[in-house]
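> I'd like to go over a predicted model; first the sequence, then the structure.
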Amino acid sequence: MAKESFDKEIQFLRMLVLTSGAFSRQQFAERLGISVHTFDKTIRRLKEVVSSVHQNLSQEQGKEFSETVRFSYYDSTDPLLLFLFRAKSVKESESQRISLLLAAMNEQALTVMELLDMCCSSLPSDLPLPDEKTIRSDLKYLEEVGVIKREPGPRPFRYRIQDDLVRGLSDGELLDLYDFVDVMANTQVPSVQGYLLRDGLKKHLLRNQVEQYAVEPFLYKYHYYSRILDEAHLFTLLHAIRHRRKVRFLYFSPKSEKSYASKNTNPLFERDTEGKAEKTLPLKIVYDHQYGRWYLLSHGREGIRKYRMEGITQIEEDESVDEVWYEEKKCELAEKIRYGWLIDTGRPVTVRARFYNPEGSEPNFVKERVLLQGQWGQIVHEDEQSFIYEITVNGTTEIKPWLRSFGSSCEVLEPASFRREMIAEWKEIQSYYESV
């Protein structure tokens, strides 16, 4: 994935979505903890990203599109995180060098020294010439992300583009594969790698001038942009979990007035941030499909910790830990969230709720939804009008939105305190609709 992080742009886009352009430049900069000058630079950068992706837009269309990025992000069907991965996954100098390497390896398998000679003769004069170590580093990166493969044989090793899949499929099969990847990337998590694969297939189809591709078969609209934006950290954390490594990051809680802080290298310009420096051992990542949020569950000095991934910035890997101790902490976490509807580690409580069957509806969509989404809960009683569902969960905070989403089809029976809480909330909601 990306060789650089782009925390600032991610928090910037999140603020655009949340405020829909309602903040002034000054308010926006204060919320992000950056200067107005940096705000303007970031806006220009995002416009450049959009322009690089949509190179054939007219000047007027480009202007309208850039305004869409700033004020009407809800109208966009492509997640802008994908643009960031394209634009910032490598530096500008790396981008030109890697483009030359890929173009050369597309024709034939080449050695490191052959690629070095080609780069030195083809790079623009204003860019620094690479050395053998740089080329080897680029090839290692491209091999890790699956773009190229090393040919079998004796040294010196030869490298070529890894495109056996698309070369082995017919145009019709490629279209079917594109449609499948398009659906999965837009409906499953994680998504970013699916989007990158989808775009690679799209470019290959267009290069082959596949006319049937002219019509997009599906159109998607996102309601939870954190689902996409937070995937920038997902693969770093999964790598740390896989290798039992601790991570360090600057964390901004959801209640914090700021959501980002620039990483100043000049001590004269250091400022206090509202973020908290954290060092913790990642154990598990949980996705909340109801709110489109990612959570990191980890072990720190205080025991089990929970972090919303949208508040994580400046993430870096740290030292690894003992395997036996790591497994003990994973078992400890599993026991604590055993009855957690999502990630709650509170005191277990048994919830009983009556669900009313819809009149004249066959099949019974209420019962089907309860059986599909009700996790380990069970239906303990049933008659023609209703059924009673029972589940033991860690506290009622996380299950409450799910029960409330059934509206008048659900009545909480136990515990009594939870029933009174739900009654008070419904009365408050009812007061909003009283006659004026």
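Perfect, thanks for sending it.
> Give the pairing partners of the longest strand along the chain; include direction for each.
Scanning the chain for the strand with the most residues, using DSSP state E, yields strand 276-288. Using DSSP bridges, the strands paired with strand 276-288 are strand 245-251 (antiparallel), strand 293-300 (antiparallel).
> And the ones you listed: which comes nearest residue 167?
Evaluated over the strands paired with strand 276-288, closeness to residue 167 peaks at strand 293-300, with 35.9 Å, by CB to CB. C-betas here are computed from N, CA, C, even on glycine.
> Contacts made by the closest one with the rest, please.
224, 226-227, 230-231, 233-234, 237, 247, 278-288, 304-310, 312, 329, 332-333, 337, 342-343 (CB atoms under 8 Å, 6 or more residues apart in numbering).
> Give me the buried entries from those residues.
Among the contacts of strand 293-300, those scoring as buried are 226-227, 230-231, 233-234, 237, 247, 278, 280-285, 287-288, 304-305, 307-310, 312, 329, 333, 337, 342-343 (criterion: 16 or more other CB atoms under 10 Å).
> now the stretch 1-150 of the chain, which segments are flagged as low pLDDT?
Counting by pLDDT under 70, the stretch 1-150 of the chain shows low-confidence ranges at 1-5, 20-21, 48-93.
> Okay, residue 218 and residue 171: tell me how far apart.
Distance, residue 218 to residue 171, by CB to CB, to the nearest Å: 19 Å.
> And those two? Which one has more around it.
Shown here are residue 218 and residue 171; by other CB atoms under 10 Å, residue 171 has more neighbours (15 against 10).
> where exactly do the helices run in the stretch 251-400 of the chain?
All helices of the stretch 251-400 of the chain, identified by DSSP state H, counting those that start in this stretch, fall at 323-336, 365-373, 400-404.
> okay if I get those helices as a markdown table plus distance to residue 94?
Putting the helices of the stretch 251-400 of the chain into a markdown table (distance: least, CB to CB, whole Å) gives the following:
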| stretch | distance to residue 94 |
| --- | --- |
| helix 323-336 | 35 |
| helix 365-373 | 45 |
| helix 400-404 | 45 |
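> Just tell me which of those ends up closest to residue 95.
Residue 95 lies closest, by CB to CB, to one member of the helices of the stretch 251-400 of the chain: helix 323-336, at 37.8 Å.
> elements contacting the closest one?
Judged by 3 or more CB pairs under 8 Å, 6 or more residues apart in numbering; DSSP states H and E, helix 323-336 is in contact with strand 276-288, strand 293-300, strand 303-308.
> how about those strands in TSV, adding mean pLDDT?
Output for the helices and strands packed on helix 323-336, formatted as TSV (pLDDT from 0 to 100):
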stretch	mean pLDDT
strand 276-288	92
strand 293-300	93
strand 303-308	92
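> one step back: list just the one of the strands paired with strand 276-288 that sits closest to residue 323.
Residue 323 sits nearest to strand 245-251 of all those, at 11.8 Å, using CB to CB.
> quick check, distance from the closest one to the centre of its chain.
18 Å (CA atoms, centre = their mean, to the nearest Å).
> Let me know the average pLDDT across that strand.
Mean pLDDT, strand 245-251: 93.
> Counting neighbours, which bits of it end up buried?
245-247, 249-251.
> Specify which member of these is nearest to residue 34.
residue 250 (14.0 Å).
> separation between the closest residue to that closest one other than its chain neighbours and residue 136?
Nearest residue to residue 250 in three dimensions, chain neighbours excluded: residue 275, at 4.1 Å (CB to CB, 6 or more residues apart in numbering). To residue 136, residue 275 is 37 Å away according to CB to CB.
> can you list the helices and strands packed on helix 323-336 in JSON lines and add distance to residue 423?
Below are those laid out as JSON lines (distance: least, CB to CB, whole Å):
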{"stretch": "strand 276-288", "distance to residue 423": "26"}
{"stretch": "strand 293-300", "distance to residue 423": "28"}
{"stretch": "strand 303-308", "distance to residue 423": "29"}
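> okay, the residue nearest to residue 250: pLDDT?
Confidence score, pLDDT, at residue 275: 75.
> and what of residue 269?
pLDDT for residue 269: 41.
> again with the one 3 residues further on
Residue-level confidence at residue 272 comes out at 49, pLDDT.
> got any ranges where the stretch 251-400 of the chain has weak pLDDT?
257-274, 361.
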